[in-house]
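Novice: here is the input, now give the coordinates:
(one chain, ligands or ions: 1)
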Amino acid sequence: MATLRTDPEQSRRAPNLRSVVVGTGSSLPERVVTNAALAEQMDTSDEWIVQRTGIRQRHIAAADETTSVLGMRAAQSALDDAGLTADDIDLVICATSTPDHTFPATATQIQAALGIHQGAAFDLQAVCAGFVFAVTTADKFLTTGAARRALIVGAETFSRLVDWEDRTTCVLFGDGAGAIVLEAQAAEEGRGVLSTSLRSDGRHREKLYVDGGPGSTGTTGHLRMEGRDVFRFAVGQVTDVIVDAFAQAGMTAEDLDWFVPHQANRRIIEASADKIGIARDKIVLTVDRHGNTSAASIPLALDVARRDGRIKPGDLVMIEAIGGGFSWGAALIRW
Ligand code: ACO
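Specialist: Prediction:
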């Protein structure tokens, strides 16, 4: 397992494989900031935030809780949950839009902190859809035999990217990290990633973006969003990837046990579920406690629902997200 295998002959020889979730983990900053606490600093209210978004509180990182630190803690917890060690992992992907540094990749910092010295590690940037894109990418490595076990991390510190003078955006976001371990197993077992569907349409850049970067302003910049347009697009368009993921697997919303969407906004989540015919009691909702943690929100929610006993082996789970770009995607997983 010393190097990541990319030899095409190797891939062609790979047996019929599926990427199976064998562990989950998460990490949240200690500091919790309620809506009431925000209302003491700016012109907002608990009522406005809860009614529009469902958010009641969010975790905000301390200075020493960087994206890689949160990501490393979540990844270690996922490894422990899987009963695996650093030597077992040959691929690390970190989905993030808030890396500790422009480079090297946060994934390499997580890799080093965990003592993983083989395989490859890289970051993946698809904003809030980053975790779904990372699962899809890892699935390609694992099912071709190019890697055996992947650690997939979603880690963010959006509190450092929002404009704290802009009440229309800063109240929506929080910090945190989640992780899963995916392992290549024989497809005959029936478990694992059954289908994935990704989309991007860069014409929507102005709706949700950061107004800085190393290649433009030389500064980090701040998050900017046309909230109403994002809302309309998320509910109106994004369900196409869910429909596609179900169709590829020959399944419907009725077969689903758990819907674990990106946790941006309770109204978006419920409207999307209603449109697809997913019953409300199948939705895993954590946006009330975590706020929008971008690429971290799905693995955080997966970890919550698995540890509280909702998600069990054999359950059918749909993950789905939309983020800046726009980029959006869904994956159907037999747990
Ligand atoms: N507190 C109190 N009032 C506020 C706040 C606030 N934090 N923010 C805005 N307002 C005011 C506005 O100034 C406006 O006042 P006005 O009528 O006097 O002009 C009023 O509330 C309504 O503003 P809208 O922007 O029209 O509010 P809307 O009902 O559209 O809700 C929201 C805004 C919550 C952002 C909504 O558009 C939304 O949820 N959009 C989707 C955003 C999202 O989820 N983005 C993330 C998804 S993608 C990703 O995760 C990166």
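Novice: contact partners for Glu226?
Specialist: 206-208 (CB atoms under 8 Å, 6 or more residues apart in numbering). All C-beta atoms are positioned from the backbone trio N, CA, C, and that covers glycine.
Novice: just the buried subset of those residues, please.
Specialist: By neighbour count, with 16 or more other CB atoms under 10 Å, the contacts of Glu226 hold 207-208 as buried.
Novice: and the contacts of Glu226, which is closest to Val20?
Specialist: Leu208 (33.1 Å; CB to CB).
Novice: residues in contact with Ser159?
Specialist: 58, 60-61, 173-175.
Novice: phi, psi of Ser197?
Specialist: The phi/psi pair for Ser197 (degrees, to the nearest 10) reads phi -150, psi 120.
Novice: ugh, typo on my part, it should be Leu332
Specialist: According to degrees, to the nearest 10, Leu332 has phi -100, psi 130.
Novice: same check, this time on Val181
Specialist: phi -110, psi 130.
Novice: residues in contact with it?
Specialist: Per CB under 8 Å, 6+ apart, neighbours of Val181: 21-24, 78-79, 81-82, 84, 89, 149-152.
Novice: for burial, what's the neighbour tally of whichever residue of the stretch 151-300 of the chain sits closest to the ligand?
Specialist: Nearest to the ligand, among the residues of the stretch 151-300 of the chain, is Gly227, at 2.9 Å (CB to the nearest ligand atom). Number of residues near Gly227 (other CB atoms under 10 Å) recorded here: 15.
Novice: sorry, back to before: secondary structure added to the contacts of Ser159, as CSV?
Specialist: Output for these, formatted as CSV (DSSP: H, G, I helix; E, B strand; the rest coil):
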residue, secondary structure
Arg58, strand
Ile60, coil
Ala61, coil
Phe173, strand
Gly174, coil
Asp175, strand
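Novice: what residues does the stretch 101-250 of the chain put near the ligand?
Specialist: Proximity of the stretch 101-250 of the chain to the ligand, by CB under 6 Å from any ligand atom, involves residues 127-128, 167-168, 171, 208, 225, 227-228, 230-231.
Novice: repeat that for 5 Å
Specialist: Taking CB under 5 Å from any ligand atom as the contact definition, the stretch 101-250 of the chain meets the ligand at 128, 167-168, 171, 227-228, 230-231.
Novice: out of the contacts of Val181, which one sits closest to the ligand?
Specialist: Ile152 (18.4 Å).
Novice: confirm that closest one sits in a helix?
Specialist: No - under three-state DSSP, Ile152 falls outside any helix and is assigned strand.
Novice: that one and Ile180 touch, don't they?
Specialist: Yes - between Ile152 and Ile180 there is a contact under CB atoms under 8 Å: 5.3 Å.
Novice: who has more neighbours out of the two?
Specialist: Each of Ile152 and Ile180 has its neighbours counted (other CB under 10 Å); Ile180 has more, 31 against 28.
Novice: in this protein, which spans are helices?
Specialist: Counting by DSSP state H, one finds helices in the chain at the ranges 8-13, 35-41, 46-53, 67-82, 106-114, 130-143, 167-170, 227-236, 239-249, 266-276, 287-290, 297-307.
Novice: need these in TSV with distance to Ser216 and mean pLDDT, can you?
Specialist: Formatted as TSV, the helices of the chain follow (distance: least, CB to CB, whole Å; pLDDT from 0 to 100):
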stretch	distance to Ser216	mean pLDDT
helix 8-13	38	52
helix 35-41	30	98
helix 46-53	30	98
helix 67-82	21	98
helix 106-114	21	98
helix 130-143	21	98
helix 167-170	20	98
helix 227-236	22	94
helix 239-249	30	97
helix 266-276	29	96
helix 287-290	30	98
helix 297-307	27	98
